[in-house]
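Asks: okay, sequence plus prediction incoming.
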Amino acid sequence: MEIIPGVGVEAVKIGDPRGVVEQKLGPPVHAGTHTRAVYNSVDPMLVVTYDQDDAIELVEVGYGVHDQVFFDGVQLTYRFMDEVMTDLAAKGHLGTPSDIGFDLQAGFAIFSMASLSAHELDPDAPEDDPRHIVEGVGIAPYSYFTDDQPPLNGTAEELEAWLRQRGVLPAES
């Protein structure tokens, strides 16, 4: 499965309403909280986070049983994280470390919940091998993953100023 950074995947995209998603993928197999839903109609599985208006704000894709997640010719999931970051950097895709992986400026994050051991990919790896395997990819605008979040519950003016500062809206004249 190929990701579209900052947008989603072919099946679901940031901003899609819940009704459209469920029309495409069927009902969630695990609804989780009201804002998160797990869909099992594709491999790999999709986890979607909805905002307060029931529109997608984050698409997460886990490693698959049969298929993996790709971007720009690089296999992102079910590989060692350091190898993925080396390949992405070679293609000019930069990121910043997070507590569970890397946030990439293109508009996605790779992460490991440390549920897989290095032995999964390297049978000769020692028991205490610290290498992490990329278990999933989160897709949203880069600002979603950084501290540079829009003002939640802010005024319309605060949100407009935040968008102007980031070049989403033109500067005031």
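Replies: Here it is on my side, so go on. Residues are numbered from 1 along each chain as shown.

Asks: so what touches the longest strand belonging to the chain?
Replies: Of all the segments of type strand in the chain, defined by DSSP state E, the longest one is strand 56-62. Outside of strand 56-62, the residues that reach it under the criterion C-beta atoms under 8 Å, 6 or more residues apart in numbering are 1, 3, 8-9, 12-18, 21, 44-51, 69, 77, 135-140, 144. Every residue, glycine included, has its C-beta placed from N, CA and C.

Asks: mark which of those are buried, thanks.
Replies: Neighbour-count burial within those applies to 1, 3, 8-9, 12-14, 16, 18, 21, 44-50, 69, 77, 135-140, 144; the criterion is 16 or more other C-beta atoms under 10 Å.

Asks: strands - which of the residues you listed land there?
Replies: Filtering the buried ones among the contacts of strand 56-62 for strands - DSSP E - leaves I3, G8, V9, L46, V47, V48, T49, Y50, G136, V137, G138, I139.

Asks: can I get the residues you listed in CSV with distance to D122?
Replies: Written out in CSV, the entries for those read as follows (distance: C-beta to C-beta, whole Å):
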residue, distance to D122
I3, 25
G8, 32
V9, 29
L46, 28
V47, 27
V48, 32
T49, 33
Y50, 38
G136, 20
V137, 21
G138, 25
I139, 28
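
Asks: which of these sits closest to Y63?
Replies: Comparing those against Y63 with C-beta to C-beta picks out G136 as the nearest, at 6.7 Å.

Asks: how far away is that closest one from D53?
Replies: Distance of G136 to D53, given as C-beta to C-beta, to the nearest Å: 25 Å.

Asks: can you check A140 too?
Replies: A140 sits 15 Å away from D53, taking C-beta to C-beta as the criterion.

Asks: over to F145?
Replies: For F145 relative to D53 (C-beta to C-beta), the value is 21 Å.

Asks: give the contact list for the closest residue to V12 other than its chain neighbours.
Replies: Nearest in space to V12, with sequence neighbours left out and distances taken as C-beta to C-beta, 6 or more residues apart in numbering, is V21 at 5.3 Å. Contacts here follow C-beta under 8 Å, 6+ apart; on that basis V21 touches V12, A37, Y39, V48, I56.
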